[in-house]
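Q: Below is the structure, and that's it, no one-letter string:
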Ligand SMILES: [Zn+2]
Ligand SMILES: [Zn+2]
């Protein structure tokens, strides 16, 4: 009986000394951060700092990164045991922002499955499930939480590898969330955490948080710089000014108004109204983002496929129902901003040619080709290639019955890719974001007026794709 027992003992010793490589990466990271038992004892993280937020999908061009929100008063409180977190920050735009130049206070929270925002007036609202899911994943985008989760015997560790100066391991947490953890091959400190999510415009995207400038705090090492990207686009950089382990977080449970609100599993159903503005021109309104339908002798052209599949497919269906005998063949896209281009993939799935500023062509080629496996959309289910008609300064669409001129809104501080559509006979101007009737701040309207007068356009009515139709005199009143 002695010999088999001894063998078991020896086998156990060997496995304890030489762990499988995926466990070794995590064990080394835990040691570098301050030790497994210290990490497992952590209950909360409280991080104060300052930094910047990017303007993903809303900058001057898709690849521009000049627009930022300066972040001050950043405070992130995390309950690492109960998966609750709240970020409070004040953001000040460094660019001509549609809500004006003043600082905005944000409170963004997650409590289990319930994501919520708290407005400056104290009102809490529940955020869509997709946003809550990203905020839950964000809790793990910190060295202490990801290593703590990877140390859980219920976690699955896979695919250990070395890449450049990093050791990398894939982690599936005990509650089924998937992350990639990278550590510095020399120091063993975590360098990055990556998780995948769905983005309406970009499809399957990696959200990556990088860690740098570690400091000693309460027997652990914590990063003083955290940089987050969605795909290749930087969305946040936080420089920590003070941080504490097990500091006071306050109450991180979701406010009752958010916790009791129904979950938001999908975008709201689209309602599309149709109003004939002139012969062959319809305003397709309803909700926040409108479109316009234009009838030519042998085809139809849509102006704008906004937001997402839900909106864009409903607008396309309405357009087809108004003139079922003519094919809908084209969509004019006003600019690349994600809320105005979120339906481009749906339009391509419906076989439409995309008329857009030339600076968007490469981005839309990329957007149409990207995988959407996490949340398959209409185009993912029925892939089609993109056909683009690029616009430089102007494009005339004309036949015997209809003329519409598409113009670049040059120099507009809202977007470099901005187009407007002018109907010379009907004296109708279709534009968006450059002028939003009823908005308290109009930082882009002066440039729109310049573009209209420089081109000598005759305008009676402005048809904005946000808000209500107004006489041109209303635009002229804006200083
Ligand atoms: Zn815009
Ligand atoms: Zn807009």
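A: Arrived safely, thanks for sending. Keep in mind the model is a prediction, meaning the values are calculated, not measured. Ligands and ions are numbered 1, 2, ... in the order given.
Q: what's the pLDDT at residue 99?
A: Model confidence at residue 99, given as pLDDT, is 88.
Q: ok, now which ones touch it?
A: residue 441 (Cβ atoms under 8 Å, 6 or more residues apart in numbering). No exception for glycine: its C-beta is placed from N, CA and C like everyone else's.
Q: 10 Å instead, please
A: For residue 99, the contacting residues are 93, 439, 440, 441, 443, by Cβ atoms under 10 Å, 6 or more residues apart in numbering.
Q: Any figure for the gap between the residue lying closest to residue 421 once chain neighbours are set aside and residue 466?
A: Nearest residue to residue 421, sequence neighbours excluded (Cβ to Cβ, 6 or more residues apart in numbering): residue 430, at 4.2 Å. The spacing between residue 430 and residue 466, counted by Cβ to Cβ, to the nearest Å, is 12 Å.
Q: intersection of neighbour lists for the two?
A: residue 290.
Q: Would you mind telling me which of these two has more residues around it?
A: A side-by-side neighbour count of residue 430 and residue 466, using other Cβ atoms under 10 Å, places residue 430 first with 28 against 19.
Q: what about residue 31, which helix or strand?
A: In this structure, residue 31 sits in helix 21-33 according to DSSP states H and E.
Q: Quick check: next helix or strand after that helix?
A: helix 36-41.
Q: For the residue in the stretch 1-150 of the chain that ligand 1 sits nearest to, which residues are in contact?
A: Closest contact between the stretch 1-150 of the chain and ligand 1, by Cβ to the ion, is at residue 58 (6.3 Å). Residues in contact with residue 58 (Cβ under 10 Å, 6+ apart) are 64, 67, 95, 97-98, 335-340, 414-415, 433.
Q: Could you do residue 467 as well?
A: 285, 288, 290, 432, 435, 436, 437, 438, 439.
Q: List the ones among those that fall in helices.
A: Among the contacts of residue 467, no member falls in helices (DSSP state H).
Q: filter these to the buried ones?
A: 285, 290, 432, 435, 436, 437, 439 (16 or more other Cβ atoms under 10 Å).
Q: can you pull out the strands in the stretch 1-150 of the chain?
A: Secondary structure of the stretch 1-150 of the chain (DSSP state E, counting those that start in this stretch): strands located at 44-53, 69-79, 84-93, 104-111, 114-118, 124-126.
Q: What does residue 319 show for phi and psi?
A: Main-chain dihedrals, residue 319, degrees, to the nearest 10: phi -60, psi -50.
Q: Show me the beta-bridge partners of the closest residue in space to it that isn't next to it in sequence.
A: Spatially, and ignoring its direct neighbours in sequence, residue 319 is nearest to residue 293 (4.6 Å; Cβ to Cβ, 6+ apart). Beta-bridge partners of residue 293, counted by DSSP bridges, are residue 282, residue 302.
Q: so residue 293 makes contact with residue 317?
A: No - counting by Cβ atoms under 10 Å, residue 317 is not a contact partner of residue 293; they are 11.6 Å apart.
Q: neighbour count winner among these two?
A: Just comparing residue 293 and residue 317: by other Cβ under 10 Å the higher neighbour count belongs to residue 293, 24 against 13.
Q: do you know how far that one is from ligand 1?
A: 21 Å (Cβ to the ion, to the nearest Å).
Q: Okay, whichever residue of the stretch 201-350 of the chain sits closest to ligand 1 and residue 97: tell me how far apart.
A: Relative to ligand 1, the nearest point of the stretch 201-350 of the chain is residue 337 (3.5 Å; Cβ to the ion). Per Cβ to Cβ, residue 337 is found 13 Å from residue 97.
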